[in-house]
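> dropping the sequence and predicted coords here.
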Amino acid sequence: MILKTAVDNSVVAVSVQSAAGLPRLGVRGACDTEREFSGAVRAADLRRVSPMVPRTAPETLLNFEIRFYRNAGRDLLADIDVRTDVELDCSRCLQPMTVAIVGTSTLQFVYNDEQAQHVMDDCEPVLIDEEGMVSLASLLEDEVLMSMPTVAMHDHQCRPAWQEASDAPEQVVESDRPNPFAALAQQWHQSDDPTDP
Ligand SMILES: [Zn+2]
């Protein structure tokens, strides 16, 4: 109970916290006491998210909420929500663009690959380490990476990169250009001509 109160207090103060201070947790204990965490960390401080932080907004925050609990079947679960922005290349114009990431999952903690095969529907399996712990930072990173779109594209009609590569003037020249093989053949024919019997 005391633990829960302490957690509730930290929930009220929604200040930016240090990613290094995100705890490693004993999963059983966290689920049994229904621990909750919410707040924000600098996305750049999470190792696996930092390469995707928008270059124009290096202070981008990752907002999160996570709640550990057990269901009636005594499964070890957590509801997790993350929100942040990442930079991806538009697949049409290949220019960088900022994409809002919203991830929502129910995690089911498992002890081995065999259990991971049999998690409940709509649950994401998460492997607990040998000490029965998980790292909160790692759960946040996983959720962001899982929520990334496979393809990103500007809403506006941006100029396709292939159009830029083969621009109009060159195409015109190309259509007027004589076939180099025809020219060679003609040259060869001409130089051959005099010796022709
Ligand atoms: Zn684009």
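Noted; the coordinates are in hand. Numbers count the residues shown, from 1 in each chain.
> what residues does residue 92 make contact with?
153-154, 158-161 (Cβ atoms under 8 Å, 6 or more residues apart in numbering). Every C-beta, even on glycine, is put in place using the N, C-alpha and C of the backbone.
> wait, is it part of a strand?
No: under DSSP: H, G, I helix; E, B strand; the rest coil, residue 92 sits outside any strand and is assigned coil.
> any idea how far it is from residue 125?
Residue 92 is 35 Å from residue 125, where distance means Cβ to Cβ, to the nearest Å.
> cool, and residue 143?
Taking Cβ to Cβ, one finds residue 143 at 13 Å from residue 125.
> who's more crowded, these two?
Each of residue 143 and residue 125 has its neighbours counted (other Cβ atoms under 10 Å); residue 143 has more, 23 against 15.
> name the helices or strands packed onto the helix or strand where that one lies?
In the assignment (DSSP states H and E), residue 143 maps to helix 136-146. For helix 136-146, the elements it packs on are strand 36-42, strand 61-70, strand 76-89, strand 96-110, strand 123-127, judged by 3 or more Cβ pairs under 8 Å, 6 or more residues apart in numbering; DSSP states H and E.
> for those, which one sits closest to the ion?
Between the ion and the helices and strands packed on helix 136-146, the shortest separation by Cβ to the ion is 6.3 Å, and it involves strand 96-110.
> what strands flank that closest one, and is each parallel or antiparallel?
Taking DSSP bridges as the criterion, strand 96-110 forms sheet pairs with strand 76-89 (antiparallel), strand 123-127 (parallel).
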